[in-house]
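Undergrad: I'll drop the sequence and a predicted model, then ask my questions.
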Amino acid sequence: MAGRCRMARQRCTSCRGARGMSIQFATSPSPQVDSVEHTPAVGVKWHPFADIFPWIEGPAFEELVEDIRKNGVLEPIVFLDGQVLDGRNRYMAARHLGVEYPRVEYHGDDPLGFVISHNLKRRHLTESQRAMVATKLAKMPRGNFSKSENLPVSTMSQAEAASALNVSDRSIRTARQVSEQGTPELAKAVEEGKVSVSAAASIVDQPPEVQREVVAQPNVKKAVSELRKSVLEAAKQGAAGGAEQSNKNPHYQAPTKAGEAWTKLYGSCRALAEWASDENMLLALHGKAERTDDQAANVAAIQKVLISTRN
């Protein structure tokens with residue numbers, strides 16, 4: 001299960017055999033538990049290195065919560081200078097349940113290597129997700145970590161980040177394109193494993209509102225694929241000097257790129273409206289209430305879709 005220590009007994013495929021890894025990760029066992037704490041009403045801060053990896057959300061987080069409900073927090077949450085260095089998801093699950101958790105302080109000299117090593121051991125990240133992580137590492141200011149200043153600096157070059165995350169330089173370049181040219185929602189969809197980084201990169205030149213509508217669909221991968229297909233077809237028609245007339249109907253005119261986009265958007269909205277029965281909407285509202293992250297952007301996207309179906 002994602003986010004749990006039970007994966008630590010065997011190294012997952014995402015970190016097995018990393019090519020030419022030139023850095024040494026802190027793989028020694030965690031120190032003895034320093035204390036046991038109850039989660040406070042207000043959450044603690046996350047160390048910048050902890051934010052390199054994506055959150056566990058949806059069914060995977062629900063599984064984590066149920067596991068902690070049954071067994072407690074088995075792996076200590078690691079702190080550095082008052083911030084959570086490793087264990088954000090375990091902390092949030094414990095906070096959700098209101099249970100105590102074991103706490104340890106990090107005492108090593110390579111907190112970045114510690115975070116990378118532990119996350120690659122316990123989580124089955126896709127190549128695209130690892131590429132997004134590597135991009136964050138490569139974009140960090142270079143320098144030596146200062147424990148007293150707690151600055152989010154990286155000692156890795158792009159090549160070292162690629163090696164550490166077991167991805168190619170090309171994947172990092174593609175992930176950087178998504179990160180810098182795509183909307184935050186599109187980048188998040190890649191980080192959450194909803195769509196590949198290459199597919200996301202193919203639509204970064206679309207208007208921001210189109211990108212947001214695509215990632216708001218229930219099946220992001222399918223929505224991106226359909227948009228890519230529409231763009232390619234429109235490009236082919238443009239290269240041919242205009243759409244060919246249908247042999248069956250001499251008055252037929254192929255839809256423009258904008259017309260195709262509207263047709264797909266309207267069809268998706270209609271499908272959503274048909275799905276949104278009272279029972280399904282009630283279930284969805286309960287699902288929203290169970291979330292611990294900010295859902296304002298998602299709520300706004302849903303309201304926008306519903307308005308579109310009524311017009």
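TA: Arrived safely.
Undergrad: low-confidence ranges, the stretch 51-200 of the chain, go.
TA: For the stretch 51-200 of the chain, applying pLDDT under 70 flags the ranges 141-155.
Undergrad: now the helices for it?
TA: Here the stretch 51-200 of the chain has its helices, by DSSP state H, counting those that start in this stretch, at 59-71, 88-97, 111-122, 127-139, 158-165, 169-181, 184-191, 197-201.
Undergrad: just the CA coordinates for the following helix or strand past the shortest one, please, in PDB.
TA: Using DSSP states H and E, the helix or strand that follows helix 197-201 in sequence is helix 208-215. Taking Å, rounded to 0.1, in the frame of the first residue of the first chain, the C-alpha atoms of helix 208-215 are listed here in PDB:
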ATOM      1  CA  PRO A 208      -5.100  27.400 -19.400                       C
ATOM      2  CA  GLU A 209      -8.900  27.000 -19.200                       C
ATOM      3  CA  VAL A 210      -8.800  24.100 -21.600                       C
ATOM      4  CA  GLN A 211      -6.100  22.400 -19.600                       C
ATOM      5  CA  ARG A 212      -8.100  22.900 -16.400                       C
ATOM      6  CA  GLU A 213     -11.300  21.500 -18.000                       C
ATOM      7  CA  VAL A 214      -9.400  18.400 -19.200                       C
ATOM      8  CA  VAL A 215      -7.800  17.500 -15.800                       C
END
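Undergrad: now the angle between helix 184-191 and helix 208-215, please.
TA: 30 degrees (axes from the mean of the first three to the mean of the last three C-alpha atoms, to 10 degrees).
Undergrad: helix 208-215 packs against which elements?
TA: Secondary-structure packing of helix 208-215 (3 or more C-beta pairs under 8 Å, 6 or more residues apart in numbering; DSSP states H and E): helix 184-191, helix 220-239, helix 257-275, helix 296-310. Glycine gets a C-beta too; all of them are placed from N, C-alpha and C.
Undergrad: confidence-wise, which of those is weakest overall?
TA: Out of the helices and strands packed on helix 208-215, helix 257-275 stands lowest, with a mean of 67 (criterion: mean pLDDT).
Undergrad: compute the inter-axis angle for whichever helix or strand comes after that one and helix 88-97.
TA: In the C-terminal direction, the helix or strand that comes right after helix 257-275 (DSSP H and E) is helix 278-290. In terms of direction (the same axes, to 10 degrees), helix 278-290 departs from helix 88-97 by 110 degrees.
Undergrad: list the contacts of helix 278-290.
TA: Contacting residues not belonging to helix 278-290 are listed as Q295, V299 [C-beta atoms under 8 Å, 6 or more residues apart in numbering].
Undergrad: tell me how far it lies from the chain's centre.
TA: 23 Å (C-alpha atoms, centre = their mean, to the nearest Å).
Undergrad: tell me the angle that helix makes with helix 59-71.
TA: Orientation check (the same axes, to 10 degrees): helix 278-290 against helix 59-71 gives 60 degrees.
Undergrad: mind listing what's buried in helix 278-290?
TA: For helix 278-290, a neighbour-count test (16 or more other C-beta atoms under 10 Å) marks nothing as buried.
Undergrad: same question, stretch 228-239
TA: Of the residues in stretch 228-239, those buried (16+ other C-beta under 10 Å) are S230, V231, A234, Q237.
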